[in-house]
Every structure is written in C-alpha cells, then in structure tokens.
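Asks: Could you work out the structure for the sequence below:
(chains A, B and C)
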Amino acid sequence: MLWDFEYFEPANITEAVSLLQKYGDEARVIAGGTDLLVDMKNEKIQPKFLVSIMKIPELKCIVEDGAELSIGAATTLAEIEESRLIKERYGLIHEAVKELGTVQVRNMATIGGNICNAIPSADLPPALVALDARLKIVGVNGERTLPLEEFFLGVRKTKLKNELLKEIVVRRPPERSGTAFIKLARTSEDLAIVNVAVRITLNKDNICEEARIVVGGGIGPTLLRSREAEKIIEGRRVDEEIINRAAEVTSQGFQCRRDSIRAPPEYKIEVGKVLVKRALMKALRRVNGEE
Amino acid sequence: MREIEFTVNGRKRKVLVRPKDLLLNVIRDELGLKGTKYGCGTGECGACTVLLDGRPVLSCLTLAVAADGRNITTIEGIGTDENLHPIQQAFIDAGAIQCGYCTPGMIISAKALLDRNPNPTEEEIRRAIKGNLCRCTGYVKIIAAIQLAAKRMRGETT
Amino acid sequence: MREFKIVGKSVKKIDAGLLAQGKPLFTDDVKFEDMLHARILWSPHAHARIRNIDTSEAEALPGVHAVLCYKNVPRVPHTSAGQGWPEPSPYDMVMFDNKVRYVGDRVAAVAAETEEIAEKALRLIKVDYEILPAIFDPEKAMEEGAPVIHDEPDCRQVLPLFYDPKHNHCAHIEVKTGDPDRGLQEADIVVEHTVKNHYAQHCALEPHSCISYLDPMGRLVVRSSTQVPYYARRIIAQCLQLPERMVRVIKPRIGGGFGSKQEIVVEDVCAMLTLRTRRPVRLVFTRPEVFVSTRTRHPMVMRVKTGAKKDGTVTAIKMRVISNTGAYGPHCMTVLGSTCAKTLPLYRCPNIEFIGDTVYTNLLNAGAYRGYGVLQGTFAMGIMMDEMAHAIGMDPIEFWKKNTIRVGETSPIFSALSEIGKGAEQKVDSCALPECIDRGAEAFRWREKRERYRNQPDGPIRRGVGMVCTVHGGTVALLDASSVTAKMNEDGSFNLLISASDVGGGCDTVLSQIFAEALDIPLDDVVVYPTDTDVTPYDKGAYASGTTYLSGLAVIKTAEEIKKQIFKVASEMLNEPPENLKLENKGVVSVKSGNRLEFSQIARRSLYSKNQTQIAATASEYSRLHPQTFTAQFAEVEVDMETGQVKVISYVCAVDCGTAINPTLAEGQVEGSIINGISYALTEKFVFENGRVLNPNFRDYKIFSAPDIPEIKTILVPSYDPTGPFGAKPIGEPAMDGVLPTISNAIYNAIGIRFTESPFTPEKVLRAIKLRKSNRAQP
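Replies: Numbering: from 1, shown residues only, chains lettered A, B, ... in the order given. Got it, this is the predicted structure:
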C-alpha cells in the first residue's frame, strides 16, 4: 500500500532540480517507478514528495557525437534495447539491457533509475563502466561530471546531493575491441547473483592495450572494477592462462554481502571468478572474430 | 485530488485521482474494468499488464497521474463479444487457458509482441511473456497459442 | 475400449471465451454497496503469548467499523483443513488466540471503509507479547524439554487418532507388511539414504479472496476463492457458531488452487466481520500474505533403507518419516498417511515398514499441496530405485518394470492404510505403466542418450538422464462423496448443477462432456452451474485429484436417472414399453417401430401436458477405492560444473490416466505439474531468519516463467479403468510427484553425485562438486 505524497511533474531540468533542492531528503525522483514504488509499498522508504522526470524532453535521448554516446537519464530500457545505434556500436549495452527484467519493466524503467537506485545487482552499470561511462549531474549550482565508477557509495547510496542525473556518456569501444556481458541468475527473469561486463582492446600486434573488468551483483556493496586484474591483461598477448589469472585476481577484490536470499557469499566469489573468465574468453573470441 | 483524462479502450475518460492512486486500482475500481488483475503488487507477475501507448506496462507500478493524457488498452479493449481478437481465439483453441487469472495480462503481452513482430520465433515469444507468470499451464500451450495466433494473423491458417 | 462421441475429444473449455475476455468472474471482481475492507494484523514473533491487546485507538479511528481479536470472538477449536467430517486433522486453531505460533500467525483483524483506513488501524493496535522460545528443527521438536507449541487445554483430535501435543507430536503412523528385516537379510545389496524435501508455496496467481455479506433474510453469504465450498460452509458455520442453514457459500471462477484453497484461511474472519458490522466485507490477501499466512508444502525428513537381489528383485522397503506441519496441523496426518498409502503400492515388494511422525514447529503452516505426501514419498523412493538399479548394474527401466505393480495385482498397503486408518481392499483395475515406460523411453530416446552421455568428454558442461515411475491413488477411499443434480428444460437442454469445484483445471467442461456423452446430447445443451451451496448439491470439492473420477461417476449416475424418466415419458407418448427405447442424438428412438421423439417434445409434454413432472434427478457416489494413476517420467539435464547450475533440457512424461475425457485439458494438468515440479526442484525456496520469511514475494521467491521451461512432451497412454467414468482416472496431481527424483537421478547420471535434499540449487551442486574434488585429492 502506498501512503500519501505530493507529486510534481516539472517540465524542465531547472524546475526539477529546484524541487529536489527545496525538499531535500523528503523528495525522491520518480522515473519508471519499478523499483521506487516497490520500495514505497514495502515501506522501505516513504518520501513525502515525488518528482517525476518523465515529462522533461531533454532527458530522453540517445545521441552519438564523435566517438561518444550520450543517453538521457529518462530514456527507457526498451528504447535503449531497440536502438540500432546502440546495438551496432555499443553492443555491450545492448547485451546487458536485453536480459534485464521483463518487457513490461523495460518499457517503464529508465537507465537513470537503473543507475541511481544503486542496487548492486543492477545490470547496466557494469556494462557502462566497461565503456568508461561518465555521468552528467545537475544541481541548483550547475552541472558536474563524474565517472560512473565513482558514483556509488554503497547499497542504495550514491553521490547525488539533491541533484539530478541528466545523462550518461560512454566511449565507443575502439577498433579491435571485444566486449561481453554475462549474468548468472536463478531464473531468466531474476536479478543477477553475479554479473560481469568486460572489454579488451587489442593493438595491431594483438597486445592488449586496454582492458576493463567490471563485476556487479552483490559481490560487494557496489560494483567492482578490478584495476589489478586489468593490469595483468594490459600490455600482454591475451590467452587463457592470463585470463584465468585475471579472474583470480578480480575475485580477490570481492566483498560479498551476506545475502542469504539469492546465494551465499562463498558461492558468489566462486562463480564471480568463473564468470569473469568466461566473459573475457568470450570478448577475446569476439575480437578475434570467432563469435 | 486532481482530474486526469486518458483514453481507455478508445474512449476518453476523466477521473479524479490522488497522486498515490495506482493505475491498476483506477482501472478496476473507478472504471470497473475487472479484467486487469492484482497478482503481486510488485510488478513481478504481470497479471496487471495493460498497454500504455501501445506498450505493455505494469499497472500495479504505474501512478494513475502519470497516465494523464495517454492511451490505455486493457483486455476489455482487445476484442468484442461477437468478434474475439485472434489471440483470444487462439488461447481458447490451443487450451492455453486454465484458471484464466493470468490470461488477460498474458494476452496483452502477446498482442504487444505480435503488433511489432508478426512472425516471432519461439524464443521471442518466450521472452515476450517472461513478465507474465502462469502457475497452471506450464506455459506450453500458451506458447503454442501465440504461435497459432501469429499464423492466423499472417493469414497462413484459419 | 469404447467409442465415444464427446468423451475423449479436446472440446474447448467452456469458460475459456469469457476468461480470454477478462470478464468479471472472480471473487474480487464484484463490488457491493457499502462494502468494507478487511485487513489482518500478523504476528511478528515465532512463538509468543499475548499478555494483552489494546484495540481502543484502532476502534476510535474514523472509518473503522470492527476490530476482532481473541477477546471478542468465540473460542472454537477447529481445523482449517477442508476435509470430510469429522476431520482427521486436529482441532488446534481458533479464529484468534492469545498465543501466536509462527511469524505470520493471526493476531487481530479490522474492517474499515477503505483498505487504507484498515491498514492504519492495524498500526494502532497495541499488542503486549511475552516472547517464548521457539522450535524450528522438526527433528528436535519431539525431544523432552522442547518448547510446547500447543499447550492450550482445548486442542484435540476429534477422531480416535494418535495426538500428543505436549511433545509437539501431532500424528503417528505405523504400517508393516511381510517381514522387512528378513527382506533386508535376503538382499544382495542394501541402500540407505536420508531424503529431505523443502517448504514451498502453491503460488496460485489469484490471492485468497473473500467477500461476505448478509442477504435480505439475514443469512450469511460468503463468496470465496475456495476449492471446497461445502467444507467451507461447514467450517464457517462452526467457527461462527451458526447452523449451516444460515450460511451460503458461492464459488465463482477461481484463479488456481493446487491445495492452498482447500483451507479456510480468509472466510471465517471475513464472515465474522460481516456478522459484527452487518455490512459486506472484502478480504483479499496481498502476495506476501499468501506466501506466509496461507499454506505450504510439508517438508519431510525421510530415512529410507531398501534391499534388492542381484536379479533385480526389491526385497524390502523401510521408511522412517518425520513430517513438519509447522505451527498448526491441517492435513498433518493425511499427508503423512499418503506418503505411505498412496506411494508404496507401486512396489511389488511384500516386505514394507513405514513409521511416520508429524511434528509441530514454529514455522509456516503446511497443508494440502499438489502431490500431498506422495510427492515426498516418491522423491525418496525414486532415488532409492535408481540407486539400487545402479548398484546391481541394471538399466533403471528394467528395474522399474520388474518391481512395479501390474494390472490385476494388489498391494498389502491398500488394505493396511488409507489416508486415515485401514484402507479399502482393492486391486489395480487398470495399469498401462509398462507401456508408459516404453513409449516414454522411446520418445525420450532413453537408451541412446544414456549411451551418449556415458561417453561424453570432460568439460565444464555435463549432461545426464534420469527416470522415475510414479503412482498416485486419487480420492479418499470410502469417505469422499459427490452429488450432482440435473434438470431438463423445454428445449431439451439440461442444467447441470455441480459442486465439484473447478479451480482452473476444467472440471466444469469435463463433467459436461461426461453428461453429454451419457445422454447423447451436444455439449451446448449442458448448462453447467458451478457451486453455490444454496443451489448445487453436496460435493467434496476439488482435491485428491478426485473430481473427474468421483464427480464423473455421480454425473453418469444422474444421467442414468434422467434417462429412466425420459423413457417413462417417451413410452407414454409412443405407447411403447421402455425396453424398446434408446437414446439417440438428443432424442428417443424406438428400436422396434423406428419412431422418434425429440428431447424438446418430451420436455414440453412432461412440463405442460400430461402427468406433469420436472424431469430432474440428483444422484450421489462415494469413492469405493483409490483409482491408481501411473506415470513414467524422463529428464535430461545439463550441469555446469563451474557454476553448479542445473538446467533441464528436455522432459517426457507418459501418463496412464485411463480414458482422457478431454486430452488437451489432461495434458494441461501434466504440463502444469511438471513445470511446477521443475521450478520447485531448482529455484523455489523459502528463506527463513528466526522463523521469519525473508522472501515472501515473486522478486525473491523465484518461480519459472516461459524462457525457463525445457522442451516438454506429454504422452497420454490409453487404458480403461472399469471403475471410472467412461474409463477415466485422476490426473490432477500424479505428474508432479515424480519430478524431484527424476531430476536428482539425471544429475547423478550426469556428474555421479546424488542429491537427496531439495532444492538442487547451484550453490549446493557446486559445493558437492568441490567437496568431491577435494576428497579425491586427499587419498
């Protein structure tokens, strides 16, 4: 059951941000509502003010500019899934979004919500971090940019301070990149027990120039980008042995929450490692044109 | 309370709602359209699925105020007593209906699929109804019904 | 076997068109003027005494019309189990008690103008709890010194059955046939396992719903999502201390039951609020309430020891069972009884020992759930059979065939035990199990796959196959009964008034088919009116897979009565003796003269012209035995050795349900059972913390959706049961019984590890794989 609240539908970002500033902790942004309203029904949170951002046109966009893609925060997951541009040039995002939730959820939920709810099992953030995503965040005092990787403070905690996430900017993977997103869940519809997004970019000599290894899904209070593991791969010719080592090192960074519902921590560590290995192998096969 | 206006099954409707009123409750209690069901209230079972501007959404997680000015189709708007929608007919013919509680939401999801993709693969059908739980049928005959409906709508069989 | 006109045909389900259109057919789809909304306050504690409840603030809240708690309702010990009378379940619950026995137990209820006000009122109720130590481990519940869950002096068994609540011990069964110890001595191999199944919820999509009101005569009308309308009427009357004549129960369309609605969990409170307020009251559970405060499957701990000779003969079966009924004991004894009585007749072994106990714990309330103890027993025996076949090096198919009961044979278990007490002497009147095994194995390509997977190369993905046979005896023999009324209309059509309660399976259609077949009329001429206790005659309701079989027999008997009356009128009209007459195509024909009368002529004559009479009849049947439905089930699984994930790739279920009155509907029962079974085996699971359920929603309690299902094939293997209506046998539950062991056996075949505890979750499978690896590493 929902308890009373006031509801606003600002027409532009300025208006939205001033409402957020005015009501502070008592206000929440509502976009698709698929997580927020569930939390409100379960009385996990009881905001007094909801600020809907769904009537702000500039928050709904998918635009490529040079080698960068901007996605407006209120763009729905379905819009992202259906974007040919994203499917062709940012396949990692497509791969992550198409397995996320259900048709109904994807029609309602937004990329901004998937990020700002800061639920560790969210599928998009690892994929976006693997593409070096930055967030454009607007407050009453103007706009700032923040790497997505640094955005999360903990479970349901972010660096937003009465601010609005405006858009997400990602880098197009350079030539000779391979990416992969893998998710392990109890059923096809479930939230991830562990999810992994990786990218490896090779130079003409088949040496790895850049690697990104990002793991989500309750292996910690926030997603984990394993720089240590990336370093193992970067500057080397990638093979199964190196991948196994990178996977091992990645798993050393896991700080599993005690999450007794979906899977125990020891299990997440174990399969997290397996998934990293599989994702890297898949990315390698893809960059080599074998898949 | 505020007045909102939307089109429901082709008809303009005005209703007074509070911000917290869910589209599901407005459809069932204010508009008296009982085909849209409560199954879980948290968007997991799909029994409350309706089309919002042609796309299936969860009416149990949609604020009625957010539907202001939009176009809603419920199961009651899918076919008529005299002229069932081919998907409804296929569900009947294929034995896809047992208790029938999930059926309206399931048919709405199937319609959204076939409206966009008249010739879906079995995998696409399964993915399209992933958000609609059914405990009676094991989905086997539901999938078959959607295949049958697609065929008929393409004019390949009667 | 007979040729039929309508029976055996997959006619369309008669309510399907209305359901496809979303017509307002369910309990909560109607609205009454002045209707109040009820909400219930649930216990946050697993075990506590209520020192005091202060409801004054809640009562004072504007819009609140009644607050119920132990202080102001009659204390009537009863059972919520919808069973025959007197019930074999202990009278261990009252509408509201001054004690709570699990997290989610009833504390109080409110009726208010809106759900919101009712919800607010609940928060104003002040409860002073004295928290008591709780017991969650069923194996320790009977120990001396364990917290006593039912220490109230008025809990009791009404039948002369074992009941020892002081030791949390609510049922005990012992059965012994032959000489099991000698059987074990004669065995060449002896196998022993402890098999455990887990809690689960039915997850019917429609939550438990009830709307009650007073009719103009002041009688109580209860519109309810129940599988057992007549039992509901009796129990509501009991709890409210009313005579049955003052209560009317109406069952509209029901959104699935699977046993969960064979319990009175909403109706008594809703009706009491109507009596207090004199207004219509609506009580519809939320999904978390359905998960926690309705009913669940009995988890059992089954210690099994069996022996076999090298030639493949099973020589002994010993089974020691502890069943956990949770805080209350609805069905506590009969589910346990079924684990023996309805499972073990499958085996030709003469030496059987079964000792079973059901215990109370401060956990979820178990009750009836598709499978009803047979599922548990089959889980254990399905694994034992596979293990024995493996131990003597025999293909499981041959081993099962050799050891399963055949047509014409009997089992000592039949007479030793029914669900309750001694059972009926019976033999197996029909059994196509050998054909089920053969046809299932062929469709599944059993031998080929076994051979292929025996030689599969090492890799992260391994495949395997498993199979199991099952039996499930339908109805409760000697106790269950059904009545049917039919009357003829002017146009020669009939009203068929039944209380056999269609909860989605399609019995309204199936019984109409049987009636139409018996009178040789088209299906359109049967106007079925389902359950309203003021109108339709007594029936046990929908459980024990018994509706097609038992209500079907009552339908045929009613049709026979009608036929006699039709012949009587026709013989007057034709001036021919009834012996000359036969039914044909909605008419009566004289085999002598060839003269023909239409049913409409006969109806009009009987109503309007001469010797006026309503052609109508009511006939009853009771269940004389447990009709035996057999299945052979085959699963192919894929095990990910690195993640422990088990995926079912394909599943074949061959079923002998006698004549399938409506093959499409019968297949639907099988498919629904199998998918529910696989989902239960792999992903469904309650997570508890100090007795509190942490995942009472579909987000955290995962049931399968469409992408999760394997390729599944149902084979209806024809047989004809001479005791059933047109040869039919039950079909509702049997297929679900075999899924756990079939998958467990397939996992064993794939990776050589036997899983005897459900569910087979990835973490459990992976742990076992790693344990084996480390054991192998250390010599």
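
Asks: can you pull the pLDDT of the residue of the stretch 51-200 of chain A at minimum distance from chain C?
Replies: For the stretch 51-200 of chain A, the residue positioned closest to chain C under Cβ to the nearest Cβ is residue A:188, at a distance of 3.9 Å. From N, CA and C alone the C-beta is placed, and that goes for glycine too. pLDDT, residue A:188: 95.

Asks: Angles on the backbone of the residue nearest to it when sequence neighbours are not counted, please.
Replies: Nearest residue to residue A:188 in three dimensions, chain neighbours excluded: residue C:707, at 3.9 Å (Cβ to Cβ, 6 or more residues apart in numbering or on different chains). Main-chain torsions, residue C:707, degrees, to the nearest 10: phi -70, psi -20.

Asks: list the contacts for residue C:707?
Replies: By Cβ atoms under 8 Å, 6 or more residues apart in numbering or on different chains, the contact list for residue C:707 reads A:188, A:189, B:123, B:126, B:127, B:130.

Asks: Just the buried ones among the residues you listed, please.
Replies: Buried members of the contacts of residue C:707, counted by 16 or more other Cβ atoms under 10 Å in any protein chain shown: A:188, A:189, B:126, B:127, B:130.

Asks: So the fourth one: helix, strand or coil?
Replies: Local secondary structure at residue B:127 is given as helix here, using DSSP: H, G, I helix; E, B strand; the rest coil.

Asks: got it, and residue A:162?
Replies: Residue A:162 - assigned by three-state DSSP - is coil.

Asks: give me the number of residues near residue 6?
Replies: Unless you meant another one, I'm taking chain A. 15 (other Cβ atoms under 10 Å in any protein chain shown).

Asks: that's the other chain; I wanted chain B
Replies: So residue B:6, with other Cβ under 10 Å, has 20 neighbours.

Asks: Would you mind listing what in the stretch 501-650 of chain C touches chain B?
Replies: C:503, C:504, C:505, C:506 (Cβ under 8 Å from any Cβ of the partner chain).

Asks: right, and out of the residues you listed, which lies closest to chain A?
Replies: residue C:504 (22.5 Å).

Asks: mind checking pLDDT for that closest one?
Replies: 96.

Asks: any idea how far the nearest residue to it once chain neighbours are set aside is from residue B:82?
Replies: Closest residue to residue C:504 apart from its sequence neighbours, by Cβ to Cβ, 6+ apart: residue B:99 at 2.7 Å. Residue B:99 sits 25 Å away from residue B:82, going by Cβ to Cβ, to the nearest Å.

Asks: Among these two, which residue is more densely surrounded?
Replies: residue B:99 (28 against 5).

Asks: Now render the contacts of residue C:707 as TSV, adding distance to residue A:257.
Replies: Formatted as TSV, the contacts of residue C:707 follow (distance: Cβ to Cβ, whole Å):
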residue	distance to residue A:257
A:188	24
A:189	22
B:123	34
B:126	32
B:127	30
B:130	27
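
Asks: And for the residue of chain B found nearest chain C, nearest residue in space, chain neighbours not counted?
Replies: Nearest to chain C, among the residues of chain B, is residue B:35, at 2.1 Å (Cβ to the nearest Cβ). Nearest residue to residue B:35, sequence neighbours excluded (Cβ to Cβ, 6+ apart): residue C:22, at 2.1 Å.

Asks: Equivalent analysis for residue C:18, please.
Replies: residue C:25 (6.1 Å).

Asks: can you map out the strands along chain A?
Replies: A:6-8, A:27-30, A:49-52, A:62-65, A:68-72, A:134-139, A:142-147, A:152-154, A:157-158, A:164-171, A:177-184, A:194-202, A:208-216, A:224-225 (DSSP state E).

Asks: To clarify, my last question referred to the stretch 151-300 of chain C.
Replies: C:169-177, C:189-196, C:209-214, C:220-224, C:247-250, C:281-284, C:300-308 (DSSP state E, counting those that start in this stretch).

Asks: if we can go back for a sec, deepest in the core, which of the strands of chain A is it.
Replies: strand A:194-202 (a mean of 29; mean count of other Cβ atoms under 10 Å in any protein chain shown).

Asks: Now do that strand and strand A:208-216, the angle between them.
Replies: 170 degrees (axes from the mean of the first three to the mean of the last three Cα atoms, to 10 degrees).

Asks: how near is the closest residue to chain B within the stretch 151-300 of chain C to residue C:26?
Replies: Going by Cβ to the nearest Cβ, chain B is nearest to residue C:255 of the stretch 151-300 of chain C, at 3.1 Å. According to Cβ to Cβ, residue C:255 and residue C:26 sit 6 Å apart.
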